[in-house]
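A.B. asks: Starting from these lines, generate the structure:
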Amino acid sequence: MTNQTVTVTIPATLYDHLKRLAESRNRTVQDEILDTLLAANTGAETLPAELTSAIEPLTFLTDRELWQAARSRLPVEDASALESLHHKRGREGLSQDEERETALLLGRYQRSILVRAKAAAILKQRGHDVSELLRAS
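C.D. replies: Numbering: from 1, shown residues only. Got it, this is the predicted structure:
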């Protein structure tokens, strides 16, 4: 793989944010920018727009914010409703409204899983041990 040098002008606020991230991780600003670009470009082109928009901002989060995202869960009420609808579908089937609600809840669940996975991947890329996330239920 060959490397290319690119000069890009970015807003001062973005630079300052990346500089603070780099300093907090004992890294160079260049490394921070490169990792941000790599993370933003990994797999997003194959995702629907609503899922892409859910993960794109993750590359700009601090490690603390990423840990929070990686540990996040679907709200209990959504998980319970989805489980109830799943059981009802198996017992007696669902009405059209219930099918729509199920699709909506499944979308939220998929988004939640994707955000958690992407946050964990970014943390790993930044050098963190994310093995505890694999053990979490």
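
A.B. asks: Now do the helices in this protein.
C.D. replies: Under the criterion DSSP state H, helices of the chain are mapped to 12-24, 29-41, 49-55, 63-71, 76-91, 96-125, 131-135.

A.B. asks: how about those, which one is nearest residue 6?
C.D. replies: Taking Cβ to Cβ as the criterion, helix 29-41 is the member of these that comes nearest to residue 6, at 9.8 Å. Placement of C-beta: from N, CA and C, glycine included.

A.B. asks: same for the closest one, what does it pack against?
C.D. replies: In this structure, helix 29-41 makes packing contacts with helix 12-24, helix 96-125, judged by 3 or more Cβ pairs under 8 Å, 6 or more residues apart in numbering; DSSP states H and E.

A.B. asks: and the most far-flung residue of the chain relative to its centre, how far is that from residue 98?
C.D. replies: Within the chain, residue 92 marks the point farthest from the mean C-alpha position, 35.5 Å out by Cα atoms, centre = their mean. Going from residue 92 to residue 98 by Cβ to Cβ, to the nearest Å gives 10 Å.

A.B. asks: For residue 90, grab the count of nearby residues.
C.D. replies: Burial of residue 90, expressed as a neighbour count using other Cβ atoms under 10 Å, amounts to 9.

A.B. asks: Just the pLDDT at it, thanks.
C.D. replies: Taken from the predicted model, the pLDDT recorded for residue 90 is 88.

A.B. asks: try residue 40
C.D. replies: The predicted structure lists residue 40 with a pLDDT of 63.

A.B. asks: How about residue 60?
C.D. replies: Looking at residue 60, its pLDDT is 90.

A.B. asks: right, and it touches residue 36 too?
C.D. replies: Yes - taking contact to mean Cβ atoms under 8 Å, the distance of 7.0 Å between residue 60 and residue 36 places them in contact.

A.B. asks: middle-most residue in this structure, spatially?
C.D. replies: residue 115 (2.7 Å).

A.B. asks: Who are the contact partners of that residue?
C.D. replies: Neighbour list for residue 115: 54, 55, 58, 69, 72 [criterion: Cβ atoms under 8 Å, 6 or more residues apart in numbering].

A.B. asks: List only buried entries from the residues you listed.
C.D. replies: Those of those that meet the buried threshold are 54, 55, 58, 69, by 16 or more other Cβ atoms under 10 Å.
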